[in-house]
Every structure is written in C-alpha cells, then in structure tokens.
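J.: predicted model and sequence follow; I will ask about them next.
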Amino acid sequence: MPDNPLYTYTQEILGMLRACVEHIQAGQALFYRPAAVQLRMLLCDTTRRHGQIVDISLLPQVSPRLSLPLLGEAPDGDRRPLETWLEQSLPTQPPLSVRQLIRRVCDQDGGAHVDLKPQRLPPAQEACAAWILAIARVILAEM
C-alpha cells in the first residue's frame, strides 16, 4: 500500500495533524485552524462533479471499514462507522456534529476561508480548539 498515492497523502496529512496537535498542546491554540483543515481532508472533504456533491476525503478511501470510538469514550469503548461517527452531536453553542464543526472552522473561521456572517460563525474559539484537539487525538490514536 505504500506505493498508493492516497496512502502517501494520508501519511503526510497525519504528520501535519500531529504537528498541529503538538503546537496546540504547547499553548499555541490557534493551530486548531490548520488542524481542522487536515481533519477535513482526512474525514469530510467534498467536491462537485456533474452537479453532485462527491466525498473525496482520504480515510474512507484508505481505510473503508474504519470505525472510531465516540468522543469522550475509552478507546476500546463503543465504536461507530466513520459516517455515523462524523454525525455525533457535540455540546457546542450552536449544537453541531463533528462534520459540521470541522467544516465550519475550515469554511468560515479561517481554517481555509473566512466568512464573517454572524449566523454562520462557529462556536467560541476556545470551544473550537478543544473539540478539534479531541477529534484529532482520536484520529491519531487510530491511525
């Protein structure tokens, strides 16, 4: 599998995610934004093809049977298939799923884009940083 370009990209992105986590843990909380971009590429990236939204995220392609422990659970606790795991609700204000939080940080909060429409802003920066870190830790522990 190491000759597979998707595998290579996945390993590189996991390395960047690890570096972001290290920066966050060292007190540089704003690294939650680039961490969210790495998570989007791994978990919930999409594109439009022929008028339809197509999932192009890496982990479903590299590890199609991936299941993950629910956030806040022990690593050997209750596990969900990736698609279901991404839809788990987070206790954020406003309430968001894991997928929605990652996309909001990437698409509106300066991860990859900035969109300052008040009704679309993600939860408070501290909450975003904490949840992105928690999500990243689960992914890194599993990969």
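T.: Nice, I can see it.
J.: give me the nearest residue to Asp76, chain neighbours excluded.
T.: Of all residues not flanking Asp76 in the chain, Pro69 sits nearest, at 7.3 Å (Cβ to Cβ, 6 or more residues apart in numbering). Any C-beta I mention is one placed from the backbone N, CA and C, and that applies to glycine too.
J.: is it true that the one you found touches Gly77?
T.: Yes - with contact defined as Cβ atoms under 8 Å, Pro69 and Gly77 form a contacting pair (5.1 Å).
J.: looking at these two, which is more packed in?
T.: Neighbour tally, Pro69 and Gly77, criterion other Cβ atoms under 10 Å: the higher count belongs to Pro69, 17 against 9.
J.: what about the more buried one, distance to Ile102?
T.: 17 Å (Cβ to Cβ, to the nearest Å).
J.: ok, the residue nearest to Asp76 - contacts?
T.: By Cβ atoms under 8 Å, 6 or more residues apart in numbering, the residues touching Pro69 are 75-79, 138.
J.: quick one: these as a markdown table, columns for distance to Leu59, secondary structure and pLDDT too.
T.: Shown next, in a markdown table, are the contacts of Pro69 (distance: Cβ to Cβ, whole Å; DSSP: H, G, I helix; E, B strand; the rest coil; pLDDT from 0 to 100):
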| residue | distance to Leu59 | secondary structure | pLDDT |
| --- | --- | --- | --- |
| Pro75 | 17 | coil | 69 |
| Asp76 | 20 | coil | 73 |
| Gly77 | 20 | coil | 76 |
| Asp78 | 19 | coil | 86 |
| Arg79 | 14 | strand | 91 |
| Val138 | 12 | helix | 94 |
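J.: derive a ChimeraX selection command for the buried subset of those.
T.: Typed into ChimeraX, the next command selects the buried ones out of those (criterion: 16 or more other Cβ atoms under 10 Å):
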select :138
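J.: tell me the one of the contacts of Pro69 nearest Ala26?
T.: Of all the contacts of Pro69, Ala26 sits closest to Val138, with 20.0 Å by Cβ to Cβ.
J.: average model confidence for stretch 53-72?
T.: Averaged over stretch 53-72, pLDDT sits at 92.
J.: what comes up buried for it?
T.: Applying 16+ other Cβ under 10 Å to stretch 53-72 flags 57-60, 62, 66, 68-69, 71 as buried.
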